[in-house]
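Engineer: Build me a model:
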Amino acid sequence: MHPPSSPPTPQPTADGMVADALFDTALCLNCGATLTGPFCAQCGQKKAGRIGRATVRQEAWARFRWFEWGVVRNALRVLPQPGTMAREYVLGMRKDHLHPLSLLCLAIGFLLVVLGHTDYLKPELPSEAAARMYALVASYSKWSFSLGALAAFASAAVVFWRRRGYNAAELLAFALVCQAVFIALQILNQLPLVLAPSPGLLKWHKAWSPWYMTGVQALVFMVALCQFYLVDLRREGWRLLLAGALFALLKWQTTALYARAVVELVLWQMGL
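Structural biologist: So this is what the prediction gives:
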């Protein structure tokens with residue numbers, strides 16, 4: 001086998017001058033492949049030209065526009081159409097869709113910012129030992145953001161397994177998109193605490209939020225299933241209800257079991 005050739009970097013003339021003609025080549029200046037169009041068929045880079053003020057302006061605007069409209073548009077679209085977007089992604093529409101894991105990480109990042117503003121995760125601690133215990137609980141609780149995805153995956157797998165031919169990896173992509181939407185709903189649920197903070201509202205929110213948010217998430221999960229599997233409500237509506245009930249049960253039980261496991265682990269580490 002012949003070693004791969006290095007990209008054909010344009011060389012200046014004998015007097016060291018760089019001219020536009022140096023970029024007039026039929027080879028990709030990134031990987032060295034022969035160009036057959038405006039984009040390289042091997043690495044995907046656009047045919048490179050001389051950098052000028054117009055080039056910098058156009059590329060900067062293209063990247064800004066991608067962030068503003070590509071990410072924001074798809075992030076907003078996933079709220080009413082989580083199942084549709086997951087279906088489009090697994091069926092091959094990857095260019096204009098965020099990776100489900102990237103979408104989930106983006107949602108988690110925003111949620112942590114909002115929770116930091118509401119002091120939702122900062123209880124009053126009576127002692128240094130309690131502070132150490134809380135720090136351990138908080139470190140282990142980071143994995144709780146995946147519980148909704150596990151419940152969504154398991155519920156869809158049990159009720160709709162192999163329908164429409166989806167495999168486990170494609171079903172996991174659907175579950176991650178659903179979890180990103182669940183977290184987005186949690187962010188919206190936190191907004192009253194950001195806009196009108198008060199100890200009374202915070203106490204009420206912590207007491208009742210887990211109950212009604214589980215119902216809201218189950219409803220959104222059923223909508224996502226309907227979009228993802230193209231469910232005929234007259235013939236398979238019972239499947240949606242079964243999957244929604246199973247999701248709510250699994251989400252509640254896994255959250256309780258996880259919290260109990262974290263507490264027991266922290267107590268063991270603290271020697272209590």
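Engineer: contacts and neighbour counts: CA atoms only from here.
Structural biologist: Will do.
Engineer: Can you show me the helices along the stretch 51-200 of the chain?
Structural biologist: 53-65, 72-77, 82-90, 100-118, 128-141, 147-160, 168-195, 199-229 (DSSP state H, counting those that start in this stretch).
Engineer: The third one - contacts with which helices or strands?
Structural biologist: By that I understand helix 82-90. helix 168-195, helix 199-229 (3 or more Cα pairs under 8 Å, 6 or more residues apart in numbering; DSSP states H and E).
Engineer: Mind giving me the packing neighbours of the shortest one?
Structural biologist: If contacts are counted by 3+ Cα pairs under 8 Å, 6+ apart, helix 168-195 sits against helix 82-90, helix 100-118, helix 147-160, helix 199-229.
Engineer: hang on, the earlier thing: save the helices of the stretch 51-200 of the chain as JSON lines, and put in distance to G244 too.
Structural biologist: Converted to JSON lines, the helices of the stretch 51-200 of the chain look like this (distance: least, Cα to Cα, whole Å):
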{"stretch": "helix 53-65", "distance to G244": "38"}
{"stretch": "helix 72-77", "distance to G244": "22"}
{"stretch": "helix 82-90", "distance to G244": "14"}
{"stretch": "helix 100-118", "distance to G244": "21"}
{"stretch": "helix 128-141", "distance to G244": "25"}
{"stretch": "helix 147-160", "distance to G244": "8"}
{"stretch": "helix 168-195", "distance to G244": "13"}
{"stretch": "helix 199-229", "distance to G244": "5"}
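Engineer: Nearest approach to A26 belongs to which of these?
Structural biologist: Closest approach to A26 among those is made by helix 53-65 (20.1 Å; Cα to Cα).
Engineer: tell me the mean pLDDT for the closest one?
Structural biologist: Summarised as a single mean, pLDDT over helix 53-65 is 57.
Engineer: Please apply the same query to stretch 251-258.
Structural biologist: Here the average pLDDT along stretch 251-258 is 79.
Engineer: which residues does the nearest residue to S146 once chain neighbours are set aside contact?
Structural biologist: Of all residues not flanking S146 in the chain, Q179 sits nearest, at 7.4 Å (Cα to Cα, 6 or more residues apart in numbering). Counting by Cα atoms under 8 Å, 6 or more residues apart in numbering, Q179 makes contact with L104, S146, G148, A149, A152.
Engineer: if we go to 7 Å?
Structural biologist: Neighbouring residues of Q179 by Cα atoms under 7 Å, 6 or more residues apart in numbering: L104, G148, A149.
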